[in-house]
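1. Below: sequence and its predicted model.
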Amino acid sequence: MPKAGTQILSLTGLRFDARLGILANEKQAPQPILVDAELNLGTQPLLPRDDDIGHVLDYRKVRRIIIDECTAEHVNLLETLIGKLSNRLMQLPGVLGVRVRIVKLEIFDDCEVGIRMESGQW
């Protein structure tokens with residue numbers, strides 16, 4: 001029976017407003033975005049050494065970092081924002097790889113626009 005496996009922490013469908021974009025209306029007011037993130041934590045025991053939140057990566061902290069990084073300041077390009085967020089998440093202890101997707105939900109009437117970035121080990 002296996003004693004370990006690859007652990008991936010994921011947050012999907014996180015929605016909030018961010019100041020993002022180059023258009024005049026985007027510079028005047030925040031717009032809704034959606035963020036999905038996966039963090040590769042590598043090989044982990046099937047059961048943590050104990051049932052203590054202090055010994056695992058707390059997903060509340062990951063959620064807060066995503067929101068804080070995406071709302072810290074106005075960013076012109078989605079490419080810039082996803083790079084900044086990916087860099088920040090890669091700095092978390094134990095994170096080997098990050099997959100992030102950011103979607104602008106209301107930029108066009110007929111579609112959403114998003115970018116996905118993968119960094120580190122997968």
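-> Yep, it's here.

2. looking at the protein, which helix or strand is least sure?
-> helix 24-28 (a mean of 93; mean pLDDT, DSSP states H and E).

3. what ranges do the helices span in the protein?
-> 24-28, 59-71, 78-90 (DSSP state H).

4. which parts of the shortest one are buried?
-> Neighbour-count burial for helix 24-28 flags Glu26 (criterion: 16 or more other C-beta atoms under 10 Å). Glycine gets a C-beta too; all of them are placed from N, C-alpha and C.

5. how close does the residue nearest the centre of the chain get to Pro2?
-> Nearest to the mean C-alpha position of the chain, counting by C-alpha atoms, centre = their mean, stands Ala37 at 3.8 Å. Computed as C-beta to C-beta, to the nearest Å, the Ala37 to Pro2 distance reads 26 Å.

6. Now do the strands in this protein.
-> 4-18, 31-45, 97-104, 113-120 (DSSP state E).

7. can you list these in CSV and add mean pLDDT?
-> Below are these laid out as CSV (pLDDT from 0 to 100):
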stretch, mean pLDDT
strand 4-18, 97
strand 31-45, 97
strand 97-104, 98
strand 113-120, 98
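
8. and among those strands, the most buried is which?
-> Most buried of these, by mean neighbour count (mean count of other C-beta atoms under 10 Å): strand 97-104, with a mean of 20.

9. Show me what that one is in contact with.
-> Contacts to strand 97-104, defined as C-beta atoms under 8 Å, 6 or more residues apart in numbering, come from residues 20-21, 31, 33-40, 70, 78, 81-82, 85-86, 89-90, 112-122.

10. and stretch 76-93, which residues are buried?
-> Neighbour counts over stretch 76-93 (16+ other C-beta under 10 Å) mark 78, 81-83, 85-86, 88-89, 92 as buried.

11. Switch those over to a markdown table; also include pLDDT.
-> Supplementary listing: those in a markdown table, determined by pLDDT from 0 to 100:
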| residue | pLDDT |
| --- | --- |
| Leu78 | 97 |
| Leu81 | 98 |
| Ile82 | 98 |
| Gly83 | 98 |
| Leu85 | 98 |
| Ser86 | 98 |
| Arg88 | 98 |
| Leu89 | 98 |
| Leu92 | 97 |
